[in-house]
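**Student:** only geometry, no sequence info:
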């Protein structure tokens with residue numbers, strides 16, 4: 001548990017899922033990506049997370065991503081296997097991921113349209129009860145009460161919470177009222193939000209940008225750890241345009257921008273599956289090329 005929590009204080013990178021010309025997962029592309037991120041020193045890799053198109057993958061494909069990622073990392077970094085959907089499916093995915101060598105489980109937020117806040121917490125806790133490795137809860141709502149968050153944080157098998165809401169007043173209250181716990185509260189909104197999260201006591205952040213320029217994400221992390229917010233913000237401002245492009249189409253281009261950036265740098269990871277945006281417009285692609293060129297020259 002201590003090892004997992006230490007990793008959560010770093011960068012939780014979310015690798016893309018590459019597809020070959022036949023539209024199937026391409027292990028020959030995923031393996032070197034994972035090795036590159038592990039070699040760079042990324043602390044935690046969330047296999048089949050949202051940037052990995054979790055909800056566009058079949059359950060068997062998710063299992064394959066978990067297994068390929070764990071094998072490629074060779075124990076050099078933490079691999080957190082993303083699971084979710086029904087609780088039955090989440091438990092099954094978790095068991096297989098643990099058997100494949102993943103060191104932690106990251107549970108996606110329950111997407112059931114009829115879920116109550118308290119029952120969503122129960123979902124996370126039931127998974128934590130069943131898993132034989134630590135669990136990270138991915139919370140994408142501000143409808144949980146402080147007591148709900150405390151229930152999550154007090155479970156002996158919950159290492160931390162990936163908090164992906166912009167309601168920082170709620171998170172500040174949660175952190176203040178759980179100071180007696182060892183739970184790690186992670187910024188789930190990537191680099192741009194990380195300085196604000198760190199200022200109220202969160203630690204670590206998630207990143208899709210890390211697929212493209214991991215060294216820059218690591219520089220941001222280092223600046224935040226030493227409390228140098230101006231330096232962190234200066235670095236983040238350099239790729240603000242990249243993150244803004246990802247918000248187009250109501251965030252439908254979130255993964256598309258990352259994959260097309262990798263293609264611009266020489267590695268075609270295949271198109272994003274529907275209902276994501278398969279391809280950027282010519283104008284967006286030109287803007288992305290300009291951002292990448294500026295980043296390389298910096």
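**Tutor:** Nice, I can see it. Values in this document were obtained by computation on a predicted structure and should not be read as measured data. Numbering: from 1, shown residues only.
**Student:** Check the secondary structure at residue 186 for me.
**Tutor:** When classified by DSSP: H, G, I helix; E, B strand; the rest coil, residue 186 comes out as strand.
**Student:** is it true that it touches residue 201?
**Tutor:** No. When contacts are counted by C-beta atoms under 8 Å, residue 186 is not listed as touching residue 201 (11.4 Å). Using the backbone N, CA and C atoms, a C-beta is placed for each residue, glycine as well.
**Student:** any idea how far stretch 112-131 is from the chain center?
**Tutor:** The chain centroid and the centroid of stretch 112-131 are separated by 19 Å under C-alpha atoms, centre = their mean, to the nearest Å.
**Student:** ignore the last one, stretch 223-237
**Tutor:** Here stretch 223-237 shows a centroid-to-chain-centroid distance of 20 Å under the convention C-alpha atoms, centre = their mean.
**Student:** For stretch 159-170, give me every contacting residue.
**Tutor:** Surrounding stretch 159-170, the residues in contact under the criterion C-beta atoms under 8 Å, 6 or more residues apart in numbering are 1, 4-5, 8, 12, 104, 106, 109, 134-142, 146, 149, 152-153, 171, 183-189, 193, 196-197, 200, 202, 204, 206.
**Student:** List buried members of those by neighbour count.
**Tutor:** Neighbour counting over the contacts of stretch 159-170 (16 or more other C-beta atoms under 10 Å) leaves 4-5, 8, 12, 104, 106, 109, 134-140, 149, 152-153, 171, 183-189, 193, 196-197, 200, 202, 204, 206 as the buried ones.
**Student:** from these, which ones fall inside strands?
**Tutor:** By the criterion of DSSP state E, membership of the buried ones among the contacts of stretch 159-170 in strands covers 12, 104, 106, 135-139, 184-187, 206.
**Student:** now, among those residues, which is nearest to residue 48?
**Tutor:** If you rank these by distance to residue 48 using C-beta to C-beta, residue 106 comes first, at 8.9 Å.
**Student:** Where does the record place the domain boundaries for this protein?
**Tutor:** According to the domain assignment given by automatic domain parsing, the chain is divided into the following structural domains: 2-225, 239-298.
**Student:** can you put those in TSV and add distance to residue 231 and mean pLDDT?
**Tutor:** Supplementary listing: those in TSV, determined by distance: least, C-beta to C-beta, whole Å; pLDDT from 0 to 100:
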stretch	distance to residue 231	mean pLDDT
domain 2-225	4	98
domain 239-298	14	97
